[in-house]
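Student: Sequence first, predicted model second:
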Number of protein chains: 2
Amino acid sequence: MSQTLRLPEILELARETGKVAVEDLAAHFGVTVQTIRRDLSELAEVGQLDRVHGGAVLPSGITNLGYEERRSLNQPAKRALARACANDIPAGACVFLNIGTSTEAVARELLHHNDLMVVTNNMNVASILAPNTNCEIIMAGGVLRRADGGLVGSLTTRMIAQFKFDYAVIGCSALDQDGDVLDFDFQEVTVSQTIIAQARQTFLVADHSKFQRHAPVRITSLSKLDRFYTDLALVPPLATACKTWQTDVRLCA
Amino acid sequence: MSQTLRLPEILELARETGKVAVEDLAAHFGVTVQTIRRDLSELAEVGQLDRVHGGAVLPSGITNLGYEERRSLNQPAKRALARACANDIPAGACVFLNIGTSTEAVARELLHHNDLMVVTNNMNVASILAPNTNCEIIMAGGVLRRADGGLVGSLTTRMIAQFKFDYAVIGCSALDQDGDVLDFDFQEVTVSQTIIAQARQTFLVADHSKFQRHAPVRITSLSKLDRFYTDLALVPPLATACKTWQTDVRLCA
DNA sequence: ATTAAAACGAACATATACGAACATATATAT
DNA sequence: ATATATATGTTCGTATATGTTCGTTTTAAT
């Protein structure tokens, strides 16, 4: 049996009794304890289980959707962008955070802000920000996309349309040299467009790697955004274009 | 704080009777009393238990039970109810699960159902059911209540009003001998009433301990519900009343 | 108050679980 | 078929949990 088959079953066993023991699992699957340890480490890294001596237990507290990329979130570049963006959000603001690891990074940096109202269609943002009790969290409804804990669809759009945000912080899948902001999922694009329409100011957070990727659906253009947080200087033509558009490009080390 | 497989079980045992004895625990786990003392010290340090000579007791019950406490209360009974309820939900159904540890238990038992559409205002339900890829999950939006991961408020009500469910599975805080279904939070009650209004059939899942508790706000009456899953026979007057109301009472071992 | 029994916490010794590094088997791609 | 990647087994030094001992504190009975 391969690892990919074991992990779900381990989770299932854990959910039944709340805990699993390394030795038991090793016997159950007929593998060495070391293999089980590796399995548990992976599940713990993704937040599905809490590792304890001798086994693992279900994590306490609210919501933990599985999400692979959690380790890469500590990338210093992404964090710098997120911090810069969070610094520009004042206390008392009403802010929207949408789907994406970049916005989740911003959520992390907002953990110590006061008196915020955060609206989001990202389950991970909600669970990241939950510990900040100075912050009211409002979930937009919608269809759950398991891949990333995002909520999408017309329900989401309609709910967002009922708000007016001081700031919208959005991410994207890719960026074109001509300033077009792109995404993979059509449904998400509709949501993003609604967000932008309802926000007094819109911030895009995207590191330079997004310029090397391509995606099929156009969300908007940098020309329509108020600020763009990134980590490397733009190519000269786009930089001058942004000047013309009065799009504030913030380079963050 | 270091972690042990024993700690969650100690808490569970403590919640059943209100107290635990060092000697009993040592015998139960097959370890020395010294080890148990260390465990209890850790739990006391985090405030989960109060240490006393010879054992430990639950921290003084000033407040309502917290979410984690409720979750581990009456686990086996809750699971039996949940399983019975889940068995009555056919494939292809559109079902609503609301806030509460009982409905979360139902969600767990729905993990292997096929072709479901589940709507919920409970973040925990969403993350419990997420592994079931045969199931479409729709979150109702709303204000996040940190205590239990519930979404409440007028946003939630309005979103729910847009649906029509085949089945609604609801929980409650307390049950009166005259058949009134009660809850603590006014906001949640409004949500529950909307759910009932939008459902073709409504199932209540509540173990017998709910009859011993009291809560201020009335959600509805058993007379308006289609089925009631519980674990102990009702008092005779209520049982006959349910017959008159055609409320199907299911006793689950 | 006095006293004995039980329970406690600290300190140390031992057993066990742990992760890293490497070797080997299995699956996947070329 | 061969090469490469991935998963698993093996070994070993380290970290952590547990058991043991012992002096002190609490409890309860006189």
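Tutor: Sure, I can see it.

Student: Let me see the contact set for residue A:181.
Tutor: Residues counted as contacts of residue A:181 (C-beta atoms under 8 Å, 6 or more residues apart in numbering or on different chains) are A:172, A:175, A:204, A:218, A:219, A:220, A:221, A:222, A:225. C-beta coordinates here come from the backbone N, C-alpha and C atoms, glycine included.

Student: Specify the beta-bridge partners of the third one.
Tutor: Spelled out, that is residue A:204. Beta-bridge pairing for residue A:204 (DSSP bridges): residue A:170, residue A:228.

Student: on that earlier part again, using neighbour counts, trim the contacts of residue A:181 to the buried set.
Tutor: The neighbour count (16 or more other C-beta atoms under 10 Å in any protein chain shown) marks A:172, A:175, A:204, A:219, A:220, A:222, A:225 as buried among those.

Student: Tabulate the residues you listed (CSV), appending secondary structure, pLDDT and distance to residue A:58.
Tutor: Shown next, in CSV, are the buried ones among the contacts of residue A:181 (DSSP: H, G, I helix; E, B strand; the rest coil; pLDDT from 0 to 100; distance: C-beta to C-beta, whole Å):
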residue, secondary structure, pLDDT, distance to residue A:58
A:172, coil, 93, 35
A:175, strand, 93, 40
A:204, strand, 96, 37
A:219, strand, 94, 38
A:220, strand, 95, 41
A:222, helix, 96, 44
A:225, coil, 96, 41
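
Student: Just the element for the closest residue to chain B within the stretch 151-253 of chain A, please.
Tutor: In the stretch 151-253 of chain A, the residue found nearest to chain B is residue A:159; the distance is 4.8 Å by C-beta to the nearest C-beta. Taking DSSP states H and E as the definition, residue A:159 sits inside helix A:154-160.

Student: how about the nearest residue to residue A:200 once chain neighbours are set aside, what does it touch?
Tutor: By the measure of C-beta to C-beta, 6 or more residues apart in numbering or on different chains, the closest residue to residue A:200 outside its immediate chain neighbours is residue A:166, 5.5 Å from it. Contact analysis of residue A:166 by C-beta under 8 Å, 6+ apart lists A:93, A:94, A:95, A:199, A:200, A:201.

Student: State the helix or strand in which residue A:166 lies.
Tutor: Using DSSP H and E, residue A:166 sits in strand A:165-170.

Student: Extract the C-alpha set from that strand and format it as CSV.
Tutor: C-alpha atoms of strand A:165-170 as CSV (Å, rounded to 0.1, in the frame of the first residue of the first chain):
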residue,chain,number,x,y,z
PHE,A,165,-15.2,48.0,1.5
ASP,A,166,-12.6,50.6,2.5
TYR,A,167,-9.9,48.3,1.1
ALA,A,168,-9.9,45.2,-1.1
VAL,A,169,-6.8,43.0,-1.0
ILE,A,170,-6.7,40.6,-3.9
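
Student: Point out the other helices and strands that the helix holding residue A:159 packs with.
Tutor: strand A:142-145, helix A:186-197, helix B:154-160 (3 or more C-beta pairs under 8 Å, 6 or more residues apart in numbering or on different chains; DSSP states H and E).

Student: now the helix or strand hosting residue A:10 against helix B:6-17, angle please.
Tutor: Taking DSSP H and E as the criterion, residue A:10 maps to helix A:3-17. Interaxial angle, helix A:3-17 versus helix B:6-17 (axes from the mean of the first three to the mean of the last three C-alpha atoms, to 10 degrees): 30 degrees.

Student: Which is the succeeding secondary structure element to helix A:3-17?
Tutor: Helix A:3-17 is succeeded, C-terminally, by strand A:19-21 (DSSP H and E).

Student: and that next one, which strands flank it?
Tutor: In the sheet, strand A:19-21 lines up with strand A:55-57 (antiparallel) (DSSP bridges).

Student: Is there proximity between the partner strand and DNA strand C?
Tutor: Yes. Using C-beta under 7 Å from any atom of the strand, strand A:55-57 reaches DNA strand C at residue A:55.

Student: quick one, helices of chain A?
Tutor: Ranges of helices within chain A are A:3-17, A:22-29, A:33-45, A:76-87, A:101-109, A:123-129, A:154-160, A:186-197, A:236-245, based on DSSP state H.

Student: follow-up on the earlier one: pipe the helices and strands packed on helix A:154-160 into CSV and attach mean neighbour count and mean pLDDT per row.
Tutor: Converted to CSV, the helices and strands packed on helix A:154-160 look like this (neighbours: other C-beta atoms under 10 Å in any protein chain shown; pLDDT from 0 to 100):
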stretch, mean neighbour count, mean pLDDT
strand A:142-145, 22, 94
helix A:186-197, 21, 93
helix B:154-160, 21, 95
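
Student: Of these, give the one that comes closest to DNA strand C.
Tutor: DNA strand C lies closest, by C-beta to the nearest atom of the strand, to one member of these: strand A:142-145, at 25.2 Å.

Student: Can you spell out which helices and strands pack onto the closest one?
Tutor: So strand A:142-145, by 3+ C-beta pairs under 8 Å, 6+ apart, packs with strand A:150-152, helix A:154-160, strand B:135-139.

Student: for DNA strand C, what are the nearby residues on chain A?
Tutor: Checking chain A against DNA strand C by C-beta under 7 Å from any atom of the strand, the hits are A:2, A:22, A:23, A:33, A:34, A:37, A:41, A:51, A:52, A:53, A:54, A:55.

Student: List the contacts of the third one.
Tutor: In this structure, residue A:23 makes contact with A:33, A:54, judged by C-beta under 8 Å, 6+ apart.

Student: My read is that residue A:138 contacts residue A:118, right?
Tutor: Yes. Assessed by C-beta atoms under 8 Å, residue A:138 is found in contact with residue A:118 at 7.1 Å.

Student: Comparing the two, which residue is more hemmed in?
Tutor: Using other C-beta atoms under 10 Å in any protein chain shown as the criterion, residue A:138 and residue A:118 rank with residue A:118 on top: 26 against 20.

Student: Can you give me every residue that contacts that one?
Tutor: When contacts are counted by C-beta under 8 Å, 6+ apart, residue A:118 touches A:95, A:96, A:97, A:107, A:110, A:125, A:129, A:135, A:136, A:137, A:138.

Student: Mind checking which of those are buried?
Tutor: Counted by 16+ other C-beta under 10 Å, the contacts of residue A:118 give A:95, A:96, A:97, A:107, A:110, A:125, A:129, A:135, A:137, A:138 as buried.

Student: Output the below-cut-off pLDDT ranges for the stretch 1-150 of chain A.
Tutor: Low-confidence segments of the stretch 1-150 of chain A, defined by pLDDT under 70: A:1-4, A:60-75.

Student: How about residue A:247, nearest residue that isn't a chain neighbour?
Tutor: residue A:222 (5.2 Å).

Student: if I look at that neighbour, how far off is residue B:186?
Tutor: Relative to residue B:186, residue A:222 is positioned 46 Å away (C-beta to C-beta, to the nearest Å).

Student: Can you name the residues of the stretch 101-250 of chain A that neighbour DNA strand D?
Tutor: Counting by C-beta under 7 Å from any atom of the strand, the stretch 101-250 of chain A has no residue next to DNA strand D.

Student: Nearest to chain B within the stretch 101-250 of chain A, name that residue for me.
Tutor: Of all residues in the stretch 101-250 of chain A, residue A:141 sits closest to chain B, at 3.4 Å by C-beta to the nearest C-beta.

Student: Can you lay out the contacts of residue A:118 as CSV showing distance to residue A:236?
Tutor: Converted to CSV, the contacts of residue A:118 look like this (distance: C-beta to C-beta, whole Å):
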residue, distance to residue A:236
A:95, 32
A:96, 32
A:97, 31
A:107, 33
A:110, 33
A:125, 35
A:129, 38
A:135, 40
A:136, 43
A:137, 41
A:138, 41
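
Student: Pull out the buried residues from the residues of chain A next to DNA strand C.
Tutor: Among the residues of chain A next to DNA strand C, those classed as buried by 16+ other C-beta under 10 Å are A:22, A:37, A:51, A:52, A:55.

Student: contacting residues around residue A:88?
Tutor: Counted by C-beta under 8 Å, 6+ apart, residue A:88 has contacts A:203, A:227.
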